[in-house]
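*Asks:* Return atomic coordinates for the entry below.
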Amino acid sequence: MTARARLTRMDRRGFVKALGGGVLILVSAPALAAPEWELEAQGPRYPSDINAYLHIAEDGQVTLFSGKIEMGQGVMTSLGQMAADELGVDLDVMHVVMGDTASCPWDAGTWGSMTTRFFGPAVRAAAAQARLVLTDLAAQRLGVPRAELVVEKGVVYHTANRDHHVSYGDLARGQQITHTVSEKAVLKSVREFAVMGRSPKRLDGRDKVTGGAKYAGDMRLPGMLYARILRPPAHGATPRSVDTSAAAAMSGVTVVNQGGLVAALAADPELAERALEAIKADWDVPPATVDGDGIFAHLVSEAGDPQTPVSEGDLAAGRTASARTLEVEYHTAYVAHAPVEPHTSLADVKDGKATVWASTQSPFGNQPQVARALGFQIENVRIITPYVGGGFGGKSAGLQSVEAARLSQIVGKPVMVDWPRRDEFFNDTFGPAAVLKIASGVDRAGRITFWDYQVYAAGGRGADVLYDIPNRRVRIYGGRDREHYHFFGTGPWRAPGANSNKFGYEQQIDAMARAAGMDPLEFRLRNTKDPRAVAVLRAVARASNWTSRAAIRRDGRGRGLALGADAGAYVAHVADVTVDRATGEVKVEKIWCAQDMGIVVNPRGAEMQAEGGITMGLGACFSEELTFQGGRIITKNFDSYEFTRMSRVPEIEIVLVPNDRLDPQGGGEPSIINMGAVIANAIYDATGARMTRLPMTPERVLAEIRKT
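*Replies:* Residues are numbered from 1 along each chain as shown. Just a heads-up that it's a prediction; the model follows:
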């Protein structure tokens, strides 16, 4: 059995021993900022505060251990590229082990495009230091100064005599060396890259194309049971009575009713479903006072006092200096994560220990949750994350892992909890609805004079002021996670909050340009000196062959522009649309996206992430909206919740703006943030109708057209 195989069957204590010979490189770095419940997952670890492991084995194979997870975003490959380049090996000798709390270093979770921005530097530092360690060993072996050595494809050569060389595998053989390093190791420059900056085949590609990829729902254990769990008809409902007798009488069915957890379990998931249907429950349901139309007034009235992260200049003086002022209120709906793979966990609790295979973005966050639910010490809980079929922020919490673990502990058998689609929608932590109130002004020279921005429920991400505005204020009301504020769970939804904020923000900029009689591109360039903002604006203008659009056409064909920044990256979009003025139907013809994300580790991977963000954003633009009445979720499946269909995806052109002076930045989220605004601005250009609510359904578009 290989060392890697043994790692899947061991606890942390045996980690170094299981690796056997070779060189193990550890990176110590300050822990990343994380919510308090996630920081509990750090616990005692060996060694402490570890952010990266690299192991060079005796056969020259290299293993990278990462607490991050792979959910389709391609980080298994990009992290492997970073390590391979700094180490001086080919990508095909790299193996990446991810998301296993028994063998990987602690990590808060996979979100916020933090894998590349924060874990990436640690990986590069580890690999760079490993290269120094190995060249030191080579210098001793070859009897030459280290300065006379060069590394190519895992072989250390003497530059004066290339016949004089030794491979990494030979150096590692018979050694058991452990080194702890800091992030101050010398890294390669861009011109030295041999693996980064290229687009190799993905390390997970073959598994996913051939069907060999394993997800949590693919796991099987002897004697395992499938669980179907009783849910209330609405959030906030409490049971008056629960009758499980009919289900318990069914052959092959086990019923659990303990501590508020009511479930039917069977070896066949369809039998478990029928047994759940046989359970009779009576509920007290709170009256529904708010629905999708009334939620916006509720969010404003219940918001409480604001935070004011930005307050500069004199707003009154800015108003006085304005030739035109605009005050507009924008609304965005609750949106579901709707991953194709629902939340799933398989738990096996026995002999005082728990092993959980979980579809989660935060294995180390799930670990203490499960431990608390079982009454275990954290070291007795192991979370293993196979491939994850999409998360988008919605798989950060671990309710399904807790449910599976509790049920396994109760029945004494392995239990799989795989939420049916109705549970997926009921338990989702939805992207919150939001209200944006914006007052702004522009002078006769086309310069923004003041900016008074208020956001309710979406938070401050994306509300930062990108333009040169002397008099400005930003107020943030409410929060995504305030219990009294929403009637069901809310949480991060791909670039959380930035989608809502940019929907209002960049429409307001467009409206000021129109009020000033200026082309939207010229107006933005006049009002920002930020070199990165200017670079992406000019890049998207070149790619789309932008021409002045100072006057709207109202002929049903429109073009929009939007600018944003998120996760360390800058992004600008142009969209061409056609609007049917008789029906309100909008067809997106093409989208251009220019993105400055610093050094690009994997160009094709970056393009794919940008394309995915744009496609997901189109769903929120046109159709994605949760239907609810108070705590009762009306939306239960994809027959009533429509995201972007393939037939609606337009031609997409991605432009990666070179910026090799900046370390790699986020790529998974920036491209989505402008989608609402760029489409709305294009609709305005085509019709003169200003869209102030997401999603922009045909009925809403038609209503605004009629107003104009």
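
*Asks:* did I read that right, A126 in a helix?
*Replies:* Yes. Applying DSSP: H, G, I helix; E, B strand; the rest coil, one finds A126 inside a helix.

*Asks:* does it really touch A52, like I thought?
*Replies:* Yes. A126 is within contact range of A52, at 4.5 Å (criterion: CB atoms under 8 Å). No exception for glycine: its C-beta is placed from N, CA and C like everyone else's.

*Asks:* What residue, apart from its backbone neighbours, is nearest P492 spatially?
*Replies:* Leaving out its chain neighbours, the residue that sits closest to P492 by CB to CB, 6 or more residues apart in numbering is G393, at 3.5 Å.

*Asks:* Q61 now?
*Replies:* Closest to Q61 by CB to CB, 6+ apart is V93, at 5.4 Å.

*Asks:* Enumerate every residue touching that neighbour.
*Replies:* G60, Q61, V62, A84, G154 (CB atoms under 8 Å, 6 or more residues apart in numbering).

*Asks:* what residue ranges in the protein score low on pLDDT?
*Replies:* 1-18, 20, 27-51, 174-185, 479-483 (pLDDT under 70).

*Asks:* Which parts of the stretch 551-700 of the chain are helices?
*Replies:* Under the criterion DSSP state H, counting those that start in this stretch, the stretch 551-700 of the chain carries helices at the ranges 603-622, 675-687, 698-707.

*Asks:* And E341, how far from R542?
*Replies:* 39 Å (CB to CB, to the nearest Å).

*Asks:* An error on my part: the question was meant for N501.
*Replies:* For N501, the distance to R542 - CB to CB - is 27 Å.

*Asks:* And for G619?
*Replies:* 29 Å.

*Asks:* Give me the more crowded residue out of these two.
*Replies:* Neighbour tally, G619 and R542, criterion other CB atoms under 10 Å: the higher count belongs to G619, 21 against 12.

*Asks:* The more buried one contacts T644, doesn't it?
*Replies:* Yes. With contacts counted by CB under 8 Å, G619 reaches T644, the gap being 4.3 Å.

*Asks:* Just want the phi and psi numbers for H331.
*Replies:* With angles defined as degrees, to the nearest 10, H331 sits at phi -130, psi 140.

*Asks:* Next, the contact list for the residue nearest to N501 when sequence neighbours are not counted, please.
*Replies:* Counting by CB to CB, 6+ apart, G462 is the residue found nearest to N501 once chain neighbours are left out, at 3.5 Å. When contacts are counted by CB under 8 Å, 6+ apart, G462 touches A495, G497, A498, N499, S500, N501, K502, Y505, G564, D566, I673.

*Asks:* is it true that the second one touches A458?
*Replies:* Yes. Judged on CB under 8 Å, G497 makes contact with A458 at a distance of 4.1 Å.

*Asks:* what about these two, which has more around it?
*Replies:* A458 (31 against 26).

*Asks:* Now the more buried one: which helix or strand?
*Replies:* For A458, there is no helix or strand it lies in under DSSP states H and E.

*Asks:* didn't it look like it was pressed against K502?
*Replies:* No. Between A458 and K502 there is no contact under CB under 8 Å: 10.2 Å.

*Asks:* these two touch, right, M675 and E624?
*Replies:* No. Taking contacts as CB under 8 Å, M675 lies outside contact range of E624: 11.3 Å.

*Asks:* So for these two, which sits in the more crowded spot?
*Replies:* M675 (30 against 24).

*Asks:* What degree of burial does F193 show, as a neighbour count?
*Replies:* F193: 17 neighbours (other CB under 10 Å).

*Asks:* cool, and the one 5 residues further on?
*Replies:* Here the count is done by other CB under 10 Å, and R198 has 15 residues near it.

*Asks:* do you know how far it is from D90?
*Replies:* Taken as CB to CB, the span from R198 to D90 is 11 Å.

*Asks:* One more: V123?
*Replies:* 17 Å.

*Asks:* next one: S345
*Replies:* S345 is 36 Å from D90, by CB to CB.

*Asks:* same question, A515
*Replies:* 57 Å.

*Asks:* Which one's more surrounded, those two?
*Replies:* A515 (18 against 15).

*Asks:* show me the contacts for the more buried one.
*Replies:* With CB under 8 Å, 6+ apart, A515 has these contacts: R324, L326, V442.

*Asks:* List the contacts of stretch 550-558.
*Replies:* Contacts of stretch 550-558 (CB under 8 Å, 6+ apart): 514, 517-519, 522, 576-581, 682-688.

*Asks:* Would you mind measuring the gap between the ends of that stretch?
*Replies:* For stretch 550-558, the first-to-last residue distance is 12 Å (CA to CA, to the nearest Å).

*Asks:* Equivalent analysis for stretch 462-472, please.
*Replies:* End to end - CA to CA - stretch 462-472 spans 15 Å.

*Asks:* Which residues belonging to it are considered buried?
*Replies:* Neighbour-count burial for stretch 462-472 flags G462, A463, D464, V465, L466, Y467, I469, N471, R472 (criterion: 16 or more other CB atoms under 10 Å).

*Asks:* so of those residues, which ones are in strands?
*Replies:* Mapping those onto strands (DSSP state E) picks out N471, R472.

*Asks:* Next, the closest residue in space to E424 that isn't next to it in sequence: phi, psi?
*Replies:* The shortest distance from E424 to any non-neighbouring residue, by CB to CB, 6+ apart, is to P342 (4.5 Å). Main-chain dihedrals, P342, degrees, to the nearest 10: phi -70, psi 170.

*Asks:* neighbours around P342, how many?
*Replies:* So P342, with other CB under 10 Å, has 23 neighbours.

*Asks:* Verify the stated contact: it with W419.
*Replies:* Yes. At 4.5 Å, P342 and W419 qualify as touching, with contact defined as CB under 8 Å.

*Asks:* contacting residues around Q629?
*Replies:* Q629 neighbours (CB under 8 Å, 6+ apart): A288, V290, D291.

*Asks:* Relative to F487, how far out is it?
*Replies:* Distance from Q629 to F487, by CB to CB: 9 Å.

*Asks:* Residues that sit against both of those two, list them.
*Replies:* Contact criterion CB under 8 Å, 6+ apart; residues shared by Q629 and F487: V290.

*Asks:* Any buried residues in stretch 692-699, and which?
*Replies:* Buried, per 16+ other CB under 10 Å, within stretch 692-699: T692, R693, L694, P695, M696, T697.

*Asks:* measure V195 to Q629 for me?
*Replies:* 54 Å.

*Asks:* ditto for F426
*Replies:* Taking CB to CB, one finds F426 at 13 Å from Q629.

*Asks:* how about the buried residues of stretch 692-699 in JSON lines, adding distance to A572?
*Replies:* Formatted as JSON lines, the buried residues of stretch 692-699 follow (distance: CB to CB, whole Å):
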{"residue": "T692", "distance to A572": "22"}
{"residue": "R693", "distance to A572": "24"}
{"residue": "L694", "distance to A572": "20"}
{"residue": "P695", "distance to A572": "23"}
{"residue": "M696", "distance to A572": "21"}
{"residue": "T697", "distance to A572": "26"}
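
*Asks:* Let's see which of the residues you listed end up in strands.
*Replies:* Those of the buried residues of stretch 692-699 lying in strands (DSSP E): R693, L694.

*Asks:* Mark which of the contacts of G462 are part of strands, please.
*Replies:* Per DSSP E, the contacts of G462 map to strands at G564, D566.

*Asks:* Quick one, which of the contacts of G462 are buried?
*Replies:* For these, buried by 16+ other CB under 10 Å: A495, G497, A498, N499, S500, N501, K502, Y505, G564, D566, I673.

*Asks:* Chain neighbours aside, what residue packs nearest to the fourth one?
*Replies:* Right, the one you point to is N499. I673 (5.6 Å).

*Asks:* again with the third one
*Replies:* The spatial neighbour of A498 that comes closest, neighbours along the chain excluded (CB to CB, 6+ apart), is G462 at 3.1 Å.

*Asks:* tell me, how many neighbours does L134 end up with?
*Replies:* Neighbour tally, L134, other CB under 10 Å: 26.

*Asks:* just the one 10 residues further on next, same as before
*Replies:* Using other CB under 10 Å, the number of residues around V144 comes to 16.
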